[in-house]
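When you get a sec, could you give me coordinates for this:
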Amino acid sequence: MAHNPVEAFLTTIEEQEVVAAIREAEDHTSGEIRVHIENTSNAPIDVRALEVFSMLKMHNTELHNAVLIYVAVQDKAFAIYGDKGINAVVSDTFWDETKSTIQAHFKQGHFKQGLG
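Numbering: from 1, shown residues only. Have a look, this model is predicted:
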């Protein structure tokens, strides 16, 4: 049986906890937050994140305030894509700070904490 890095990335319980954390965050905003986890990105990480954002039709939120956290497990890479509505209201350093926080958790192997 082949080892699937995507399935091993989060346990079922951790996945449920991430979903719960996203739902709680969405309760406090009109925005939509999604986490998309793939084995590997077949394109540059930022390009693939935008493709997934578009494929999931996340640009259809009323206030253009959706956020996608895209993770390519085998590549050990991730990207955060925020639509123009959310980018208009967060500070210039918000996404860099968010990426740094997630990266610090990921480097310690704390994937659930990085996503929650």
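
Secondary structure class of residue 70, three-state.
strand (DSSP: H, G, I helix; E, B strand; the rest coil).

how would you label residue 53: helix, strand or coil?
Residue 53 ends up helix, using three-state DSSP.

contacting residues for it?
59, 66, 68, 70, 81, 83 (Cβ atoms under 8 Å, 6 or more residues apart in numbering). Backbone N, C-alpha and C define where each C-beta goes, glycine included.

rerun that using 6 Å as the cut-off
Applying Cβ atoms under 6 Å, 6 or more residues apart in numbering to residue 53 gives the contacts 68, 81.

May I ask which helix or strand encompasses residue 37?
Here residue 37 sits within strand 33-38, counting by DSSP states H and E.

cool, and residue 112?
Per DSSP H and E: helix 111-115 holds residue 112.

May I have that helix exported as CSV, CA atoms only?
Output in CSV follows, covering the C-alpha atoms of helix 111-115 (Å, rounded to 0.1, in the frame of the first residue of the first chain):
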residue,chain,number,x,y,z
PHE,A,111,0.1,21.0,11.1
LYS,A,112,-3.3,21.3,12.8
GLN,A,113,-2.1,24.4,14.8
GLY,A,114,-0.7,26.0,11.7
LEU,A,115,-4.1,25.7,9.9
